[in-house]
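In: Sequence first, predicted model second:
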Amino acid sequence: MRRSRVAVAGLAALLAFGFAGCGDDNPGSGTASSGNAVTGPVTVFAAASLTESFTTIGERFERARPGTTVTFSFAGSSALATQINEGAPADVFASAAPTNMAAVTSAVSPTTFVRNQLVIAVAKGNPKGVTGLAGLTGADLKVALCAAAVPCGAAARTAIEAAGVKITPVTLEQDVKAALSKVKLGEVDAALVYRTDARAAAAEIDGIEFPESAQAMNDYPIAVLKEAPNPVAAQAFVDYVLAEGITVLTEAGFQAS
Amino acid sequence: MTLTERRTGTTARVPVPLLLPAVLGLIFLLLPLVGLLARTPWSTLPQRLAEPEVVAALRLSLLTSTLATLLCLAFGVPLAWLLARVEFPGRRVVRALITVPLVLPPVVGGIALLLALGRRGLVGSWLDSTFGITLPFTTAGVVVAEAFVALPFLVIAVEGALRGADTRYEEAASTLGATRWTAFTHVTLPLVAPGIAAGAVLCWARALGEFGATITFAGNFPGITQTMPLAVYQTMESGDLEGAVVLSLILLAVSVTILAALRDRWLTSS
């Protein structure tokens, strides 16, 4: 199993410029998808916040369905949506918000599978004593948010508006993991990330719950894509996520929808 | 074979094994640009140009790349001189180290900058505690990131010019009683000025296009750290492909215009 954020985008760009004819890009997929056997490679584009859970689910799926290999590309949902619309060869798309799923024209009847909400990520031990969104308004406190186009950024905006406070971030990151890493590095004092990201990084940071996050819940939809190179295995993976996968996701801090 | 025949032969008979790959190489370089132009929404171009975020990003890009070039000139020219004119132990190692940022992926450069100059970094934590200076998420941080990736271009170009320059002029100056500093300012600098200009232009162009180190080290915030390449990336990421194409075209047009103008003015002699 490998994760490639950039490689897939690069491949998509090459395809767009017409260099794809140089070689066979997808060896095996042609034979793998013939018939109804669940086998061959499955390429899953998933929101950055699903990194840990989907990696685990992928490993279990490969064990449950011998002959399959799951390849993930984790990034901000908006970036993934753009790549899919530009022709990136993906089988499954799992987005952190319905808007980014709706932007993908080739998604076949998306299903909401989990929900997630925001927490405030701070350095271990909460040295600045942050207790809620109101504590992030000071000029001496550096805050990282996700860019508005990314689901975690959209949710952050909704939560901040619900709290009626004015927060001026120092940076707008391209996905939730990038925002989280700025806290881990100590470059910012706080970032709004998902509860699941905070839990996955609990060794390095603390996650502070705040009430307004309930008003900015994110629904996560998943769908097989119309141009999926391996539609049979793709559907099997989605079914696996909706059944066995939910346990992994709820253990990571997601809420079943 | 007469002289005229031989002279025309160099231009007329180009061997096919050279011509074919050369033309293919040219097409390979130009095709993506054609793709960009083919998808440009020309009608909305003027409106986009007037958007405050675009203006802010363009102004920030021009400001930071120019400042980064000045910074590179101030440190890079003396460094190039040292490498070209002074024998010291470990000179080859130093020369190899200077090219490291060239081969380093810019994102890695950004991480390295964070670990050195970030708030918790080796030097950064001292800067913060002593002077209250933090570079990440500031315009100064953008300049630092750009200078880091662009400096090797300047040093290599200037060192090449210095090595190619005739040292006898400098020797003559010192025989006539000039100190090494006077010889540098009055003889060496004017001699290699075209090389320095070429290096500065290369350095500026690299700084203008800088993306990875900037977004990693300086972050992304409109008006403060969001340069044009970052604005292009964010626009593309948010699904606005048309907007990203327009921004790319603006950046391309501005850099080509400036480079062409500089080339006519300074670089025609070289």
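Out: Thanks, I have the structure now. Numbers count the residues shown, from 1 in each chain, chains lettered A, B, ... in the order given.

In: near chain B, which residues of the stretch 151-257 of chain A show up?
Out: A:169-174, A:182, A:185-188 (Cβ under 8 Å from any Cβ of the partner chain). (C-beta placed from N, C-alpha, C; glycine too.)

In: What part of chain B, helix or strand, is modelled with the least confidence?
Out: Lowest by mean pLDDT, DSSP states H and E among the helices and strands of chain B is helix B:3-12, with a mean of 53.

In: For the helix or strand following that helix, what is the distance to the chain centroid?
Out: Proceeding N to C from helix B:3-12, the next assigned helix or strand is helix B:16-38, under DSSP states H and E. Put simply, helix B:16-38 sits 23 Å off its chain's centre (Cα atoms, centre = their mean, to the nearest Å).

In: by contact count, what packs against helix B:16-38?
Out: Judged by 3 or more Cβ pairs under 8 Å, 6 or more residues apart in numbering or on different chains; DSSP states H and E, the packing partners of helix B:16-38 are helix B:241-266.

In: pLDDT weak spots in the stretch 1-150 of chain B?
Out: Within the stretch 1-150 of chain B, the segments meeting pLDDT under 70 span B:1-11.

In: Residue numbers of it in contact with chain A?
Out: Residues of the stretch 1-150 of chain B found near chain A (Cβ under 8 Å from any Cβ) are B:31-32, B:35, B:114, B:118-120, B:136-137.

In: Drop anything exposed from those.
Out: The neighbour count (16 or more other Cβ atoms under 10 Å in any protein chain shown) marks B:114, B:118-119, B:136-137 as buried among the residues of the stretch 1-150 of chain B next to chain A.

In: now the residues you listed as CSV including secondary structure?
Out: Shown next, in CSV, are these (DSSP: H, G, I helix; E, B strand; the rest coil):
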residue, secondary structure
B:Leu114, helix
B:Gly118, coil
B:Arg119, coil
B:Pro136, coil
B:Phe137, coil
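
In: Count residues in the vicinity of B:Trp177, would you?
Out: I think there's a mix-up here, since residue B:177 is Gly and not Trp. Residues near B:Gly177, counting by other Cβ atoms under 10 Å in any protein chain shown, number 7.

In: now it, what's its secondary structure?
Out: Of the three states, B:Gly177 takes coil according to three-state DSSP.

In: hang on, the earlier thing: switch the buried ones among the residues of the stretch 1-150 of chain B next to chain A over to JSON lines; also include distance to A:Ala139.
Out: Putting those into JSON lines (distance: Cβ to Cβ, whole Å) gives the following:
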{"residue": "B:Leu114", "distance to A:Ala139": "22"}
{"residue": "B:Gly118", "distance to A:Ala139": "20"}
{"residue": "B:Arg119", "distance to A:Ala139": "16"}
{"residue": "B:Pro136", "distance to A:Ala139": "16"}
{"residue": "B:Phe137", "distance to A:Ala139": "13"}
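
In: Spatially, which two of those are the most separated?
Out: B:Leu114 and B:Phe137 (11.0 Å; Cβ to Cβ).

In: Now for these two: what residues contact both?
Out: A:Glu187 (Cβ atoms under 8 Å, 6 or more residues apart in numbering or on different chains).

In: A strand includes A:Gly144, no?
Out: For the record, residue A:144 is Ala, not Gly. Yes. The assignment for A:Ala144 (three-state DSSP) places it in a strand.

In: Which stretches in the stretch 51-200 of chain A count as helices?
Out: For the stretch 51-200 of chain A, the helices defined by DSSP state H, counting those that start in this stretch occupy A:51-64, A:77-85, A:98-103, A:151-163, A:176-184, A:195-200.

In: helices and strands around the third one, which ones?
Out: Using 3+ Cβ pairs under 8 Å, 6+ apart as the contact criterion, the elements in contact with helix A:98-103 are helix A:77-85, strand A:107-116, helix A:151-163, strand A:218-225.

In: Can you check which of the helices of the stretch 51-200 of chain A gets nearest to B:Arg206?
Out: Nearest to B:Arg206, of all those, is helix A:176-184, at 23.9 Å by Cβ to Cβ.

In: packing partners for the closest one?
Out: For helix A:176-184, where contacts count as 3+ Cβ pairs under 8 Å, 6+ apart, the packed elements are strand A:118-123, strand A:143-146, strand A:171-173, strand A:190-194, helix A:195-200, strand A:205-208.

In: just checking, which of those sits deepest inside the structure?
Out: Greatest average neighbour count among the helices and strands packed on helix A:176-184 goes to strand A:190-194 (a mean of 30), per mean count of other Cβ atoms under 10 Å in any protein chain shown.

In: now, among the buried ones among the residues of the stretch 1-150 of chain B next to chain A, which is nearest to chain A?
Out: For these, the closest approach to chain A (Cβ to the nearest Cβ) belongs to B:Phe137, at 3.9 Å.

In: Help me confirm that that closest one comes into contact with B:Ala218.
Out: Yes. Using Cβ atoms under 8 Å, B:Phe137 is in contact with B:Ala218, at 6.4 Å.

In: where does A:Gly21 land on pLDDT?
Out: pLDDT for A:Gly21: 37.

In: can you list the helices and strands packed on helix A:176-184 in JSON lines and add mean pLDDT?
Out: JSON lines is the format used below for these (pLDDT from 0 to 100):
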{"stretch": "strand A:118-123", "mean pLDDT": "96"}
{"stretch": "strand A:143-146", "mean pLDDT": "96"}
{"stretch": "strand A:171-173", "mean pLDDT": "94"}
{"stretch": "strand A:190-194", "mean pLDDT": "95"}
{"stretch": "helix A:195-200", "mean pLDDT": "92"}
{"stretch": "strand A:205-208", "mean pLDDT": "95"}
